[in-house]
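K.L.:
build me a model from this:
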Amino acid sequence: MGKDKGCHTAECCETVEVHEELLEIVNKTMPDETELYDLAELFKVFGDSTRIRILYVLFEAEVCVCDLAQVLNMTQSAISHQLRILKNSKLVKCRREGKSVFYSLADDHVRTIIAQGRDHIEED
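P.N.:
You can find the predicted model right below:
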């Protein structure tokens, strides 16, 4: 084994040695391209701090667009745009009550994804 040159750069092998048995396992367990694409698209949705802020509000309560706009100090139009993205990704759901539309988390997976992301960034 060569010396560790630090964790800030990607290291390459000094010789080419393909481990066929490992590649077989990887090839058998790798999801198909469509599933990988869908997963990458889902994680892109989490790549916006406004959407994360909206999800944090929804962790606490089911709220309407007016409430979200007020608590996040944003326009209803901007909130609606982000909610559309979250809804299309099946992260939030909505229900109509009279003239208001209330939003909530689609399921507990959303909370779990955010919690695990926080755990990861807080690691030493």
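K.L.:
show me the strands in the protein, by range?
P.N.:
In the chain, the strands defined using DSSP state E lie at 63-64, 92-97, 100-105.
K.L.:
may I see the buried residues of the last one?
P.N.:
Think strand 100-105. Across strand 100-105, burial judged by 16 or more other C-beta atoms under 10 Å covers 103, 105. C-beta coordinates here come from the backbone N, C-alpha and C atoms, glycine included.
K.L.:
same deal with stretch 89-108?
P.N.:
Within stretch 89-108, judged by 16+ other C-beta under 10 Å, the buried ones are 89, 91-92, 103, 105-106.
K.L.:
the strands of the chain: which one's closest to residue 37?
P.N.:
Among the strands of the chain, strand 92-97 comes nearest to residue 37, with 21.7 Å by C-beta to C-beta.
K.L.:
quick one, helices of the chain?
P.N.:
20-29, 33-45, 49-60, 65-72, 76-88, 108-121 (DSSP state H).
K.L.:
the bottom helix or strand of the chain by mean pLDDT?
P.N.:
Scoring the helices and strands of the chain by mean pLDDT, DSSP states H and E places helix 20-29 at the bottom, with a mean of 89.
K.L.:
run the chain-centre distance for that helix.
P.N.:
Distance of helix 20-29 from the chain centroid (C-alpha atoms, centre = their mean, to the nearest Å) equals 27 Å.
K.L.:
cool, stretch 46-60 as well?
P.N.:
10 Å.
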